[in-house]
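Visitor: I'll drop the sequence and a predicted model, then ask my questions.
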Amino acid sequence: MVEAIASLRRYGPRGETAFPPDVVVHITVPEGGSAIVRSFLDRPDLDREIVAGLANRCDASPDALPARDYALSIGDRVSITATEGAPKPWQLVIAGGDLDRQTLALPSGWSELAFGRGAWHGADHGARNDLVVCERTEFVSRRAGRLYRVGHQLEVASLDQGDELVVRRASGEAIRPARTARGRTTLGTGDAIELGDGRGQTLRLIVQRR
């Protein structure tokens, strides 16, 4: 995968390494191997390993590398290619609370985003939320959690919401980021960040790609 992305390297006017802003790595495997490769692609540390290998291979800063997406398909033989891709911005659809059904588009070029109730949090309300998920839904903390962009994946950490921030996978699996070793959980399309009060009330943020 590193070699496939490196093949898209080009050079700027002063000879510096440059890449397209977004790339898609196309991975084709025989049908029997798709589940193994999918589990490999879902590893949170995979993209970090690719970044390290690509930065070393191309003598480039990690900040100069393109945003990466990975597409798995079934074919007769194994092949890996990379192409310039169109950006697919992430968005969160709110389900519940006083901002029910609103959509929050995640900005381009971001690395961390704070989210919670209202625009401000902190002892003196001096810290700003990047994403306001509700205004008056009291069981949602003002400093509920934080989103991270890690290569082609999103990760979420619980802050003041504690154990009442749960990631609900599209498969039905439930994970509490606060109880994981890193304090974060990866997110995929169709997953939901569930903010609760411990008594059955919830506000959900459904993860989508536009």
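Guide: Arrived safely.
Visitor: shaky segments in this structure?
Guide: 44, 123, 151-152 (pLDDT under 70).
Visitor: walk me through the domains of it.
Guide: 2-84, 90-209 (automatic domain parsing).
Visitor: format those domains as CSV; extra columns: mean neighbour count.
Guide: Any C-beta I mention is one placed from the backbone N, CA and C, and that applies to glycine too. What follows is these, written out as CSV (neighbours: other Cβ atoms under 10 Å):
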stretch, mean neighbour count
domain 2-84, 14
domain 90-209, 17
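Visitor: and Phe55, what element?
Guide: Check again: residue 55 is Ala, not Phe. Element membership for Ala55 (DSSP states H and E) is helix 46-58.
Visitor: between the helix or strand following that helix and helix 46-58, how many degrees?
Guide: Counting by DSSP H and E, the next helix or strand C-terminal to helix 46-58 is strand 67-74. Going by axes from the mean of the first three to the mean of the last three Cα atoms, to 10 degrees, strand 67-74 is angled at 110 degrees with respect to helix 46-58.
Visitor: how close does Gly53 get to Ala82?
Guide: From Gly53 over to Ala82 the distance is 13 Å, taken as Cβ to Cβ, to the nearest Å.
Visitor: three-state assignment of Val24?
Guide: strand (DSSP: H, G, I helix; E, B strand; the rest coil).
Visitor: ok, it - contacts?
Guide: Shown in contact with Val24 (Cβ atoms under 8 Å, 6 or more residues apart in numbering): 68-71, 82-85.
Visitor: farthest-separated two in these?
Guide: Using Cβ to Cβ, the two most remote members of the contacts of Val24 are Tyr70 and Glu84, lying 14.6 Å apart.
Visitor: which residue packs closest to Pro21, ignoring adjacent ones?
Guide: Pro66 (5.9 Å; Cβ to Cβ, 6 or more residues apart in numbering).
Visitor: hang on, Val167 in a strand?
Guide: Yes. Assigned with three-state DSSP, Val167 falls within a strand.
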